[in-house]
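Visitor: give the three-dimensional model of this entry:
(chains A and B)
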2 protein chains.
Amino acid sequence: MEIIITEYLGYCFGVKRALKLTGEVINNNRHKNKKIFTFGSIINNPGVTEELSKKGLISVQDISEIEKNSIFIIRSHGMSPDIINKIREKYEPEIIDTTCPFVKKAQARAKALSQKGCFVVIIGNKNHPEVLGIRGYILNKNYMIVEDEKDIKTIPQNKKIGVVIQTTQTKEKLLLITGRLLEKTRELLIYNTICDITGKKQDSTKKLAENTDIMIIVGGKNSANTSHLAEISREINNSTYHIESFQEIKPAWFRNKKRAGISGGASTPVKDLIDVKKAIEKL
Amino acid sequence: MEIIITEYLGYCFGVKRALKLTGEVINNNRHKNKKIFTFGSIINNPGVTEELSKKGLISVQDISEIEKNSIFIIRSHGMSPDIINKIREKYEPEIIDTTCPFVKKAQARAKALSQKGCFVVIIGNKNHPEVLGIRGYILNKNYMIVEDEKDIKTIPQNKKIGVVIQTTQTKEKLLLITGRLLEKTRELLIYNTICDITGKKQDSTKKLAENTDIMIIVGGKNSANTSHLAEISREINNSTYHIESFQEIKPAWFRNKKRAGISGGASTPVKDLIDVKKAIEKL
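Guide: Numbering: from 1, shown residues only, chains lettered A, B, ... in the order given. From the prediction side, this is the model:
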């Protein structure tokens, strides 16, 4: 079995930065008594978040679980400024912001569009923390989150429509939605806020899927960018499997296959890809 | 033979207005000694322009043919402000502006985009007077006229790209070009300057082409919007013929056909459509 790992592997810039900042906070507070909270996971990778939790990071699902005199880390996907302000007012924590700079740009663009009087369309997954965060920067209720074409039907005709897109979506989706939005307005301002590395990872995964018999996509099931890689690969290569860890690998998948490709998302550690490679070699 | 004429027939608003203004100028000057000039045709219809020429309208191909102490009519497609200014300075004529208000809007949008620092893309026919006129409103040389997808290859990566489209182009082309432009920039501002009636004429012609065995599209061969109607019809209905006058009709076209459809452009008089209907009835 020939096994090829994608050329764009490992953490993206934003994930690296978030993990570095979080690591520093944990280290600096080792001998202090402060609790360290985050709202949801720092990054969408179960293995990594479990490890951070062992080191003392408390990931809450509701902001009422935060305590006074603590440290609060804003996760890499960013958060709505309303919620950050609520946390600041109520618990007065030290706030560490690990929001990915590309996400920050998308937030700023959404705000700018709404200041320009646009009806803002955010293309992305409705419940994804990044999208909920971006939504928080829109000044009024003049917006809609669009997951797919059919969502557009309910958008009213508008003088101006502005578009931002979740940093980890695909160019294909941006184009598809743009086409339908041209029916809803005469003035369409598009900020393509997809991050560079997302596009590169997508292109290299596509290439790999074309040249292999089976594709293993490694990364959190709740990771939007990893899920997109799996979708892109599956369109080209029927034998595509999205797993979170090498332990999920099934020997039956590899029957009669000669070339396997491995790719992973922005929040997938290089180690996880290598573990998958080793596991396949042992089959 | 059943014969159906499109529901959106006759002159569009801009053509009506241009012909009305021109008629008034000709009438008011009947007993004066002033010559009346226009640069190219007032509208793209050979029959109509011939008639106007009989009434004294002098259509020049080069501005050096204009004379002092005359009247100069800016045609419905609009003109570059540079050329208008040259004419004004050199010949000091009385200027009557019949530029279609929708074209004026496209000109204003192009100017605004260039003031905002955008690289301006004009989607349209490179030699069409409307497009040359719009081009004249772009403040610097930061623009390109795009006729089809392959023109986009030479556009450099830009921080901001702004788009206007010739008023008589198709939405399909706007979308196609938009898709390719998303590869050239992160910020794309699209002004859909296609005029309303163009879209309606296109839609009704499409519907007619679907429900007939043969389609006759009537209008100037140099009329962009009529040519688009012919293209749209031909895509659906192989038996599509673009003619300028009923005299071009050939009986052979109608052999074994049961339902004929007739449609015409924004500069096609209703009379021309009716003449075609009568000619088919006599076959």
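Visitor: in chain A, which spans are helices?
Guide: Secondary structure of chain A (DSSP state H): helices at A:13-28, A:46-54, A:81-91, A:101-115, A:129-135, A:171-181, A:196-210, A:224-236, A:270-281.
Visitor: and stretch A:183-199, which residues are buried?
Guide: Applying a neighbour-count criterion of 16 or more other C-beta atoms under 10 Å in any protein chain shown, one finds A:184-195, A:197-198 buried in stretch A:183-199. (Each C-beta comes from the backbone N, C-alpha and C, glycine too.)
Visitor: which ones among those residues also lie next to chain B?
Guide: Contacts with chain B within the buried residues of stretch A:183-199, counted by C-beta under 8 Å from any C-beta of the partner chain: A:T185, A:R186, A:E187, A:L188, A:L189, A:I190, A:Y191, A:N192, A:T193.
Visitor: and A:K35, how many neighbours?
Guide: Using other C-beta atoms under 10 Å in any protein chain shown as the criterion, A:K35 is surrounded by 17 other residues.
Visitor: give the closest residue to it in space, chain neighbours not counted.
Guide: A:S70 (4.5 Å; C-beta to C-beta, 6 or more residues apart in numbering or on different chains).
Visitor: let's have the helices of chain A in a markdown table, adding mean pLDDT.
Guide: As requested, those are exported to a markdown table (pLDDT from 0 to 100):
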| stretch | mean pLDDT |
| --- | --- |
| helix A:13-28 | 95 |
| helix A:46-54 | 91 |
| helix A:81-91 | 96 |
| helix A:101-115 | 97 |
| helix A:129-135 | 96 |
| helix A:171-181 | 92 |
| helix A:196-210 | 93 |
| helix A:224-236 | 95 |
| helix A:270-281 | 96 |
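Visitor: same list (the ones you listed) but as CSV, adding distance to B:E149.
Guide: Shown next, in CSV, are the helices of chain A (distance: least, C-beta to C-beta, whole Å):
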stretch, distance to B:E149
helix A:13-28, 33
helix A:46-54, 43
helix A:81-91, 41
helix A:101-115, 27
helix A:129-135, 32
helix A:171-181, 13
helix A:196-210, 20
helix A:224-236, 23
helix A:270-281, 37
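Visitor: for B:M215, which of the ones you listed is the nearest?
Guide: Of all these, it is helix A:171-181 that lies closest to B:M215, at 26.6 Å by C-beta to C-beta.
Visitor: for the closest one, packing partners?
Guide: Packed against helix A:171-181 by the contact rule (3 or more C-beta pairs under 8 Å, 6 or more residues apart in numbering or on different chains; DSSP states H and E) you find strand A:119-123, strand A:158-165, strand A:185-191, helix B:171-181.
Visitor: centre of the chain to it, how far?
Guide: In terms of C-alpha atoms, centre = their mean, to the nearest Å, the centre of helix A:171-181 is set 19 Å apart from its chain centre.
Visitor: re earlier: which of the ones next to chain B among the buried residues of stretch A:183-199 lies closest to A:N222?
Guide: A:T193 (20.6 Å).
Visitor: hang on, the earlier thing: check the spacing between the residue nearest to A:K35 and chain B real quick.
Guide: Separation of A:S70 from chain B (C-beta to the nearest C-beta, to the nearest Å) stands at 38 Å.
Visitor: isn't that residue right up against A:T38?
Guide: No. The pair A:S70 and A:T38 fails to qualify as a contact (C-beta atoms under 8 Å) at a distance of 10.7 Å.
Visitor: more neighbours: which of those two?
Guide: Taking other C-beta under 10 Å, A:S70 and A:T38 do not tie; A:T38 has more neighbours (26 against 18).
Visitor: the more buried one: what's it in contact with?
Guide: By C-beta atoms under 8 Å, 6 or more residues apart in numbering or on different chains, the contact set of A:T38 is A:T22, A:L57, A:I58, A:S59, A:V60, A:F72, A:I73, A:I74, A:R75.
Visitor: emit the ChimeraX select command for whichever of these are buried.
Guide: Here is the ChimeraX command that picks out the buried ones among those, judged by 16+ other C-beta under 10 Å:
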select /A:22,57,58,59,72,73,74,75
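Visitor: mind checking which of the contacts of A:T38 are in strands?
Guide: A:L57, A:I58, A:S59, A:V60, A:F72, A:I73, A:I74 (DSSP state E).
Visitor: give me the beta-bridge partners of the first one?
Guide: Think A:L57. Counting by DSSP bridges, A:L57 is bridged to A:I36.
Visitor: go on, the last one?
Guide: The partner list for A:I74 in beta bridges (DSSP bridges) reads A:D97.
Visitor: one step back: turn the ones next to chain B among the buried residues of stretch A:183-199 into CSV, columns for pLDDT.
Guide: Formatted as CSV, those follow (pLDDT from 0 to 100):
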residue, pLDDT
A:T185, 96
A:R186, 95
A:E187, 97
A:L188, 97
A:L189, 98
A:I190, 97
A:Y191, 97
A:N192, 96
A:T193, 97
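Visitor: and the closest residue to chain B within the stretch 1-150 of chain A, what is it in contact with?
Guide: In the stretch 1-150 of chain A, the residue that lies nearest chain B is A:R109 (8.7 Å; C-beta to the nearest C-beta). A:R109 is in contact with A:V164, A:Y191, A:T193, counting by C-beta under 8 Å, 6+ apart.
Visitor: what does the stretch 51-200 of chain A put close to chain B?
Guide: Residues of the stretch 51-200 of chain A lying close to chain B (C-beta under 8 Å from any C-beta) are A:171, A:174-175, A:178-179, A:182-183, A:185-193.
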